[in-house]
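Visitor: take this sequence and fold it.
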Amino acid sequence: MAKFVKINNDNKECLVVHFLKTSFNIFEKNELALQVEKALKRNHFPHTIFDLSNFEHIDSIGIGFFIATKNIFKENQKEMALVCSKKVEEIFQTVRMERFCRIYTSLDNAKECMYQLCI
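Guide: Below is the predicted model of the structure:
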């Protein structure tokens, strides 16, 4: 469902969560939330990029998941970013998701931003 990759650049760490599916399934939400929570705890809540670039669509359940997840980062004084396709970015713009987290259409741009936060 998700692949977790820790990346380093000049001793700056970041976690990238690559979602392997093309949509967010309500029936998998709890399992996914548990996977993400375990990975964040195991890595001491690093700045994290959620790579949704494979997603063709995201609904209110998925949006709610990421808003709730943002609260975990806020409590730990860390940042999260979302990487998404143009199609999903349009949905995020409609709900003004940028109020909650950084949104990118390129994984490289998201990585660069997260490395800047580690300075």
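Visitor: check whether the residue nearest to the spatial centre of the chain sits in a helix, strand or coil.
Guide: With distances taken as CA atoms, centre = their mean, Phe50 lies nearest the centre of the chain, 2.4 Å away. The three-state assignment at Phe50 reads strand, by DSSP: H, G, I helix; E, B strand; the rest coil.
Visitor: ok, it - contacts?
Guide: Contact analysis of Phe50 by CB atoms under 8 Å, 6 or more residues apart in numbering lists 17, 19, 66, 69, 80-83. Backbone N, C-alpha and C define where each C-beta goes, glycine included.
Visitor: tell me the spacing between Val17 and Ser85.
Guide: As judged by CB to CB, to the nearest Å, Val17 and Ser85 stand 16 Å apart.
Visitor: ok, those two, which is more surrounded?
Guide: Val17 (22 against 17; other CB atoms under 10 Å).
Visitor: quick check: the more buried one touching Met1?
Guide: No: in this structure, Val17 is not within contact of Met1 by CB atoms under 8 Å, at 10.2 Å.
Visitor: hmm, back to that, mind picking the two most distant members of the contacts of Phe50?
Guide: Thr69 and Val83 (14.4 Å; CB to CB).
Visitor: between these two, which is the more surrounded one?
Guide: Val83 (26 against 22).
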